Structure formats: C-alpha cells, structure tokens
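Visitor: When you get a sec, could you give me coordinates for this:
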Amino acid sequence: MRKIYSYFIVFLLLTATHSVSAQSGMDTLSNVFRPRIGLGVGTMTYYGEVQNYQKGFVPMVNRYYGMAYINAPLTKYFNLEFSASYGKITANERSLTQNLNFQSRIRMGTVQLYYNFYPFFTNRRGLFHPFVGVGISSFEFLSKTDMYDANGNQYHYWSDGSIRNLAESDPNAINAVEIQRDYTYETDLREQNLDGLGDYREQSFAVPFTAGLEFHLSPRWDFRIATTWQPTFTDLIDNITPAGQGEERHGDSKKDKFWTTYVSLSYDLQFPKDGGKFDPLDDSGLEFYADFEENDSDNDGVIDAYDECAGTPVEALVDEKGCPLDGDEDGVPDYMDDEPNTPEGNWVDEFGVTLTEADIAKHWREYNDSTGYEHDFIEERLVVQFGREGIPSFNFVPRPKKEKSYVVIIGKEHKDISANELHKYLGFREFKTELRGDTVYYVLGEYEKIEDAVSHANSLEKDGINVELIGRDGSDTTKFIAVDEKVIDKVEKQNEENNYVAPSIIEENKDELVFRVQLGAFKNKVDPEKAFPGVEDVTHATGEDGITRYYGGKFSNYHEANAYRKKLIGKGYKSAFLVAYQGGKRKTLQQLGIDPNDLPDNYNEQSDLNTFVEKEDPFANNNTNNDGNNGNDGNNGTDGNNGNPDNPVVNGIDMTKVKYRVKIATYEGDVPTEEYKILLMIRDTYGQLLPIENSDGTTVYYSNDFKSVEAAKSAIEEFKGHGFESSEMSIQYEEKFYTESEFNALINK
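Guide: Residues are numbered from 1 along each chain as shown. The predicted structure follows:
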C-alpha cells in the first residue's frame, strides 16, 4: 500500500506540473488547474485456473469493488487518469477433479491514457462521448482459502459430494461426521507453501484496456459507465501454477486476469492555481466554458458561449458576436434590409426603407386617431425603426413570412425586350413568368427556405441550366431582391455539412406530365392582366420566330386540363388549345396515348405538331458556319426560298417554301455512340440537323436544307459512304415531308 500512495503523490506532482506548462496550449484559461475527481463502484471478476468452467460468464456474477480517481486533460483529444481501487475476488470450485476455493483482496493503483474520439465522433460537446484507454496498473493481492470450519475441523471432500471431518481414505472413515463450509477464508495460501513456491511476492502489474461512455450532466458533473480488461503478469493470485503436483493442483501456463465493470460520477474542480477566487461568469470563466462547450446551435460560426444573438437565421451574415450584420446601421439587419445603403440620419420602416415626411406624418395621425376605427396600419403593425446610436427605437415586430420567400431566377428582361429559348422550360411544373414593374422574371422554383433554394439552384447548374440569381420578396413589389453571394456561399457550406443535396430537376420531371392551355400568340407583347383577366398562372415565352405565346393554368391530369380549356373557351377564349409535355419535352396528345374518345373535338395530330415552337435538337450548335454551304438560319443564304424563283407557284404549290433535305437515319431510343459522332461531323459540315419525333416513338434525323435537288443528292452519296445506307431524298413543304416521287406526284397532279 505504501508504494501505491507514493505513485499517487508522484502523479499529483506530474499533473500539477502539466497544468502549469501545458494549459496555455490546451486551454484558453491558462491560470486554472483543471482536475476532475470521481468515485465509482462496480464488479471485479477473476479469470484463472480455479472455477475455470465459468470463464464465459458475464462480469456481473462476482464481487463488488470501489474506486476513486483524478483525471486531467492533456489536450482536447487525450486525458490522463490515476485511479486507486479496492475489491475482492472469490472463486469456489467443487467438481470431480478439483475442490478448490480462495478469496483475495485486491488493492490497485492505475495510470491510464484516455482518447475521447474528438473530433471523429463529434466536434462539439454533446450529451455524451465514447472513450478508450490503455495504461499500467500496480496491485497487491492477499489470497486465502477456506480450509477449516468454525470448530477447527478441516474439510475433506468425499466422492459422494459430501464434506466430512475425516478423509474418505482414513481407517476411521466410518466414524466421519458430515460438516458444512462456513465460507470464512482463514488460511493464508502463501504460508501453506503447498507447491514449494516459498515466500513469493504478493504484488504484480497489469495492463488495463478500457472502453466506455461518458455522459455530460453539466459543465462540472460527468457520469461514466465503463469496462476494463486487465491481463496480469502473475499466475499466483489463485495459488495454482504449473508447479503444482497432482491433477487437482497442476495449473496451466496462462496468467491470471481481471475484468472490471463500473459506473462513476466525477466533478470538475476548476479552481485557480494561484489560490484566487474563480468566478465561472467572468470573462475568463466564459473562456473556460467555451473551451468546454463548443456547441453552435444556430450554425452561424460563433459558438454559443460567445453568441450574443442566439437563433440567428441561416440567411444572416453575422459579426464576431454572432449578431446579424447591419451595414448601414439603420436597425434592420442586412438580410431583411430592402434598402441596404440608407443614408445616415434617415428613419426607416421595418424593411429598412427610408420613411418620407409624408409617411411619418400619416403614421402619426393614424396613431393618434381618436375615431375608434382600426386602420390597416394598426392591423399590419408597421413599425418605425430608429436604429441609430443614441436614438430611441420602438419594439421591433418581425414581418410575417410568406409561404414561399425565395425564387430561383433563370432569366429576366424588360417587358419590351424579347426572350429566347424559354419554351423548353414550359414542361417543368416549377417554371413560371412573373412581371414585376418593368421587368419579366423567369422563375424555375419557389421555396420557403433559402437552404432549398440554394441547393436546387446548384442542381439546376449541374443540369446545364444557367441560374441568374436567387431572389427574395421585399417591401417593393416591383422587383425581386437579389440574395447576397456571401449568404449563398454560407448556405452552400451548411448544406454541404448537412449532406443536403436537392434532386436533379431533370430527374424529378423525367416522368412528369404537364398540361398548359395556350391562350394566344402575339407579335408584340401584351399585358397578361389586361389581356387575360381571371386566368390563373399565366406564363409566356417568346420563341425564335419573335412570337410571344401565352399559356394559362398548369395541370398534371389531362381531364382537369381539358376541363379548364373548355371553361376558358366558355369565357371567350375561342382559340384556346392544350399543349402537353412529358419529362420536360413537348408531346402531342396522341403521343401521350390519350383515349381518342377523350380528345378535343376536331383534334388533328399534325395540327398539334405544327404548334411545336422549337424543335428539340441534341446536336444544337450556335457556332455552325459553313462558308455559304448552309447559313446559320438554316436557309442556305436564300431565306428559305429554295424553289425555282422563275416559277414560284406550280399547281398550287408555292415553290419558295420548298426545302430539299436528306433523310439520314431513323432511331428508336438513343443514337449509338459511333453514329452519334458521324452525325456531329455531318452537322459541322452541312449545318444543323433536324430531329423529328414520330407518333410511334421513333426519331428521324434530317439534314439541313440544300439549294437544289442536285446538291441534296450529292450529299446522299457522301452520307452513304459514312455508313448511312438508308439515306434518301426528302422534300419538306409546310411542315410535311415527302419522298421525291410523292412530291413530283403532288406538283404534277
């Protein structure tokens, strides 16, 4: 025991030295000595030769023991702990071959190094954390056996299972009396010298391996549950060794072992090393708590210990105190400020917008109104802000959030400027146009949370859709307010930490059906509210032909869409018709498999095809330039007049509208890779390709138009040389395609 106490004193000196020299590197509170003291209780289990048949039993079957420990942090990752423990181990074996028993008192001193899995398990102090440890133990044991009962009779174990006062082989065994064990371990095993081991040392070492969980009840109190496996360096605890003679006393070569399981409660002393008073609420105490507790509940980058503005929304940029930035110091945080550069001295409303003298006078009159009527001003609780230093301020009443606050904008324009290539987004339910003031915004997603808006915007970019900005609503209803790029970067980082990735809009819409009702088409744009009063979800897009088409409603069910079309016709929109999309691509109603009995009256698929605004071309390339072979307008420099200029009309056919093309190939499904490369080469040589999707699901690829039949036939030979053996002449007239013989029959009838 004297040695254990010496170890304990040495440990305290080492810990105190560590607290002076290492605290500055580990702690923000360099003058505080931070030991934790704890008490624990548990069970101690012995594993050895005696009662070896129970080696698979759980540790809770054996004797209790107690422990006291002192623990000091080395770093945020490691703790050093010294513990002193006392317990007993007991084993009793009654079998055909062995009748052994012993009890040993164990006094142990242990030094262990613990690792707390920081920051792999968590980089914040939460409810609990796991730990593992390894160290060295020095222990004393005093082993005794129960050989005699209370009357001094030695135990003799008979083959019939009884215990008697005489041996079974004794000549007077017939007079033996049955006795009972009293379980008093009175005989020192070392002094018996049963195997000639002499006066051996009743002290040894062990290597403890510990694993457990530590629960943080408060900044000072911790609760621990742990288990320790301790292989020892001795085989003498049970007094059974390989030196023993006979079947009963001959042991194996394995060392004895302990297994302890315990619970404990510890307290952090956190007192000043110099003996001064420690106040956990002063500045240094706050630093101490900050080092102990690193939670950042609102994820603003400032831990709770220093955060003076708890619960800051993610869209707010904050200062070093965790409070939202207010660049113009008008009392309205930047993330809510619709006027970010308010001149100093101006009074602002709750949106950070300057109040005119007329506004203030109006509010004052309403505030002092004695008529008893409630005004909209009172119901809406519009609050005047006086946020400058030294100027009083009314209580701030946050504006109510709209159901959806953020929009992803893929384009914008002044209402008198045309927009191109937007029809391809009409097949997405999320697409809409919104007129704010003199600006048309093209929106592809509307969200209540900025995290959703930012993540969906990133997904759109990955799908090849350019996002111009993320906007939010403000007090000015004539525009969307652009979200600060720094805010977007902050939200992106948080989304990444939370592994939040919005699904691809292409994937989300791949099987989606969208029906809209085309209301009208105009060369010049119109005001939707005036032109289509009472029509919901009016959306418009301007095609490459310069025509702006307006659409109403948005449905995923054909019958609902058709019913809405009929309703609009009844309101006077006689030319209203359905346009349909599947997976974001324009389809005819017949291609969607609508029951012929449910199709609109006088429906014609070719007429439906003729309303397709833009042909989908996976080989689209705006940089095609073929030096006069095929102009970028696809008209070979003749503006589409590919017929005979001397005889423009033949048998009622306007030859100026005839286009000579080559039907290159027909595919069902995706284009094979090798043929795709050849088609790209043809496109680069002869101009844009024209894909036409048939009602049976196949796609026919036509060449750009040529100036004459001869030029087209010359290209056919080249296409065949590239492997397109089925290439043939095709003549396009008014969106219909004819073979050469069919067209000749048409003009010669």
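Visitor: so who does residue 44 touch?
Guide: Counting by CB atoms under 8 Å, 6 or more residues apart in numbering, residue 44 touches 62, 63, 64, 65, 87, 88, 89, 106, 258, 259, 260. Using the backbone N, CA and C atoms, a C-beta is placed for each residue, glycine as well.
Visitor: Is it correct that residue 196 falls within a strand?
Guide: No - read with DSSP: H, G, I helix; E, B strand; the rest coil, residue 196 is coil and lies in no strand.
Visitor: neighbours around it, how many?
Guide: 8 (other CB atoms under 10 Å).
Visitor: Excluding chain neighbours, give the residue nearest to it in space.
Guide: Excluding its sequence neighbours, the residue lying closest to residue 196 (CB to CB, 6 or more residues apart in numbering) is residue 243, at 6.9 Å.
Visitor: Quick one: neighbours of the one you found, just the number.
Guide: Residue 243, neighbours per other CB under 10 Å, totals 13.
Visitor: need the contact list for it.
Guide: 195, 196, 197.
Visitor: The first one and residue 49: what is the separation?
Guide: Plainly put, residue 195 is 12 Å away from residue 49 if you go by CB to CB, to the nearest Å.
Visitor: Which phi and psi values does residue 460 adopt?
Guide: phi -60, psi -40 (degrees, to the nearest 10).
Visitor: can you check residue 424 too?
Guide: Main-chain dihedrals, residue 424, degrees, to the nearest 10: phi -70, psi -20.
Visitor: My understanding was that it contacts residue 584; is that so?
Guide: Yes - contact criterion CB atoms under 8 Å: residue 424 and residue 584 qualify, at 7.2 Å.
Visitor: These two: who's more crowded?
Guide: Taking neighbours as other CB under 10 Å, residue 424 and residue 584 compare with residue 584 leading, 20 against 17.
Visitor: Please name the nearest non-neighbouring residue to residue 460.
Guide: Nearest one to residue 460, counting by CB to CB, 6+ apart, is residue 467 at 5.4 Å.
Visitor: same question, residue 599
Guide: Closest to residue 599 by CB to CB, 6+ apart is residue 589, at 5.9 Å.
Visitor: Spell out the secondary structure type for that neighbour.
Guide: With three-state DSSP as the basis, residue 589 sits in coil.
Visitor: Next, count neighbours for it.
Guide: 22.
Visitor: so it sits right up against residue 604, yeah?
Guide: No - taking contacts as CB under 8 Å, residue 589 lies outside contact range of residue 604: 10.3 Å.
Visitor: quick revisit: now distance to residue 250 and pLDDT too, for the contacts of residue 243, in TSV please.
Guide: Shown next, in TSV, are these (distance: CB to CB, whole Å; pLDDT from 0 to 100):
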residue	distance to residue 250	pLDDT
195	9	87
196	13	88
197	13	89
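Visitor: ok, back up a step: drop anything exposed from the contacts of residue 44.
Guide: 62, 65, 87, 88, 89, 106, 258, 259, 260 (16 or more other CB atoms under 10 Å).
Visitor: The fifth one sits in which helix or strand?
Guide: When elements are defined using DSSP states H and E, residue 89 is found to belong to strand 78-94.
Visitor: quick check: mean pLDDT across that strand?
Guide: In this model, strand 78-94 has an average pLDDT of 91.
Visitor: now the helices for the stretch 601-749 of the chain?
Guide: 605-610, 673-686, 709-721, 740-748 (DSSP state H, counting those that start in this stretch).
Visitor: could I get those as CSV with mean neighbour count?
Guide: Shown next, in CSV, are the helices of the stretch 601-749 of the chain (neighbours: other CB atoms under 10 Å):
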stretch, mean neighbour count
helix 605-610, 14
helix 673-686, 15
helix 709-721, 16
helix 740-748, 13
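Visitor: more crowded one of residue 195 and residue 49?
Guide: Between residue 195 and residue 49, counting by other CB under 10 Å, residue 49 is the more crowded of the two (23 against 18).
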